[in-house]
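**Q** requesting a structural model of the entry that follows:
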Amino acid sequence: MPIKRTRRSGTVAAALLLGAAATSGCGLLGAAAEGDGGGGGAGDHPFTVAFGGDVHFEGMISTRLQSAPDTVFGPIAAEFRKADLAMVNLETAITEGGTPAPKDYTFRAPPAAFQALRTAGLDVVTMANNHGMDYGEAGLQDSLAASGRAGFPVVGIGRNAAEAYRPWTTTVKGTKIAVIGATQVLDDNLIESWTATDAKAGVASAKNAPRLVQAVQRARKEAHVVIVNLHWGQERNSCATPAQRQLAGQLADAGADAIVGSHAHVLQAGGYLKGKYVHYGLGNFVFYNGSGPTAQSGVLTLTFDPKVKDTRVTKASWAPAVVTDGVPQPLAGASAQQARTQWEGLRNCADVKAGPAA
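**A** Numbers count the residues shown, from 1 in each chain. Coordinates of the predicted model:
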C-alpha cells in the first residue's frame with residue numbers, strides 16, 4: 001500500500017512500491033495507484049504544486065552530487081519543501097552503464113541523484129525528454145531499477161508504451177492527482193528507437209498526440225486534478241512555437257488542469273488557456289550551462305482549488321532565480337521584481353493570459 005508522508009503543507013501519498021513494480025512487470029505505478037474512479041476524489045482544501053525546469057548532474061554539479069548530495073539544489077529547495085507537491089524534469093539517464101547514444105550531448109548520473117531530489121523536497125520527476133535514453137535501453141532499464149530501489153516516482157518512461165504514458169497518482173489533502181510526462185523533442189535519428197511502443201521500452205512521445213490525449217482523458221476519469229509535464233519548444237526561443245500551442249490546446253480540451261514544460265533553455269510564457277494553466281518553458285534549473293538568458297530560472301508554484309469546477313488553478317506565483325555554478329540562486333528585492341516583470345512580459349509572444357477570464 002502507498003505510504004503516507006507528511007510535508008510542511010500537507011500529506012502526500014508516496015508510491016514506494018516502485019521497486020516491486022520494476023521487477024514484477026506491473027508498471028511504474030503498480031499497487032501504488034489509488035483507483036477510486038469517476039473523476040477521483042476531491043478534497044475541500046486548496047493545495048500547492050511547485051515546478052522547476054531542466055535538471056541534470058553533469059560538470060561541477062556531479063562533484064557536488066558525489067560529495068554532498070543533500071546540498072545539490074541549494075537554497076532554492078525551500079520553494080519545493082513548502083509546497084504540497086513538487087516536480088522537475090530530470091534530463092539525464094540514471095545509470096553507470098549502457099552505451100552512449102549517437103548524439104552531441106549525453107547525460108547520466110548515479111542513483112544518488114534520487115537522494116538529492118528527495119532531500120530537496122521533490123516528489124516526482126519526468127524523464128520523458130531528449131536525454132532520458134542517452135545510454136540506450138540498458139540505461140533506461142537501469143533508470144527504472146534505480147527509481148524502484150529509491151522508491152522515487154518517475155513518469156514518462158517505461159518498459160512499454162502503457163507504462164510510459166501511465167500517470168503517477170497521489171492524494172494531496174483529500175484530492176486525487178494524476179501526473180503524466182511526455183516529450184515533443186527527440187533527435188530525428190533516435191525517434192524510432194527511443195519511442196515506447198506496445199512491445200518496446202522507451203519514452204512517452206508527445207509527437208503521438210492522439211496517444212497522449214487518450215492518456216489525459218483516461219487520467220481525467222480517475223483523478224480530480226490532471227497535470228501534464230512536457231518537454232517541448234525550440235532551444236533558445238522564448239516564444240511558444242506553433243507546435244506547443246497546438247498541443248497545449250489539445251491537452252486542455254482533453255481535461256488537463258495544468259500543462260507545464262521545459263527544453264528551450266530559456267524561460268517561456270505562463271498563463272491561462274481555455275481556463276487551464278499552461279507554462280510553456282521553465283528554463284534551466286540545476287544545469288551546468290547557464291549565462292545570460294539561459295541562466296534565468298525559477299520555481300513556479302500553482303495553487304489548485306478542487307472545489308472550482310472549470311479553472312482549478314486559482315493562483316500562479318513565480319519565484320525567480322539565476323543559475324550560478326549550476327545551481328539556481330533565488331533573487332530578492334528589486335532584482336526579483338524586475339525578473340517577475342520580465343516573466344510576465346513573455347506572454348507577448350504566446351497565447352496565454354494573466355487570468356482565466358482575461
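
**Q** for the strand or helix carrying residue 115, the distance to its chain's centre please.
**A** Here residue 115, judged by DSSP states H and E, is contained in helix 112-119. Helix 112-119 has its C-alpha centroid displaced from the chain centroid by 15 Å (Cα atoms, centre = their mean, to the nearest Å).

**Q** what mean pLDDT does that helix get?
**A** The average pLDDT for helix 112-119 rounds to 98.

**Q** same thing with stretch 122-133?
**A** Stretch 122-133 shows a mean pLDDT of 98.

**Q** what about it, start to end distance?
**A** 22 Å (Cα to Cα, to the nearest Å).

**Q** between the two ends of stretch 226-239, how far is it?
**A** The first-to-last residue distance of stretch 226-239 comes to 25 Å (Cα to Cα).

**Q** which positions within that stretch qualify as buried?
**A** Residues of stretch 226-239 classed as buried: 226, 227, 228, 229, 230, 231, 232, 233, 234, 238, 239 (neighbour count, 16 or more other Cβ atoms under 10 Å). Where you see a C-beta, it was placed from the backbone N, CA and C, and this is true even at glycine.

**Q** is residue 265 located within a helix, as I assumed?
**A** No: looking at residue 265 with DSSP: H, G, I helix; E, B strand; the rest coil, it is coil, so not inside a helix.

**Q** contact partners for it?
**A** Taking Cβ atoms under 8 Å, 6 or more residues apart in numbering as the criterion, residue 265 is in contact with 54, 235, 236, 283, 284, 287, 289, 294.

**Q** buried members of those into ChimeraX, please.
**A** Applying 16+ other Cβ under 10 Å to these leaves a buried subset, and the ChimeraX line that selects it is:
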select :54,283,284,287,294
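
**Q** which of the contacts of residue 265 fall within strands?
**A** Residues of these located in strands (DSSP state E): residue 54.

**Q** between the contacts of residue 265, which is nearest residue 105?
**A** residue 289 (9.5 Å; Cβ to Cβ).

**Q** excluding chain neighbours, what is closest to that closest one?
**A** Using Cβ to Cβ, 6 or more residues apart in numbering and skipping residues adjacent in sequence, the residue nearest residue 289 is residue 265, 7.4 Å away.

**Q** circling back: just the ones of the buried residues of stretch 226-239 in helices?
**A** With DSSP state H as the criterion, helices contain none of the buried residues of stretch 226-239.

**Q** closest one to residue 102 out of these, please.
**A** residue 231 (19.6 Å).

**Q** who is the closest one paired with across the strands?
**A** Following DSSP bridges, residue 231 is listed with bridge partners residue 183, residue 262.

**Q** and it, what does it touch?
**A** 89, 91, 126, 128-130, 182-185, 206, 261-263.

**Q** now the two most distant members of these.
**A** Maximum distance among the contacts of residue 231 (Cβ to Cβ): 15.3 Å, for 91 and 206.

**Q** on that earlier part again, ok, now how distant is the residue nearest to residue 289 from residue 329?
**A** 18 Å (Cβ to Cβ, to the nearest Å).

**Q** now residue 121
**A** 17 Å.

**Q** which one of those two has more residues nearby?
**A** Ranked by neighbour count (other Cβ atoms under 10 Å), residue 121 and residue 329 place residue 121 first, with 20 against 15.
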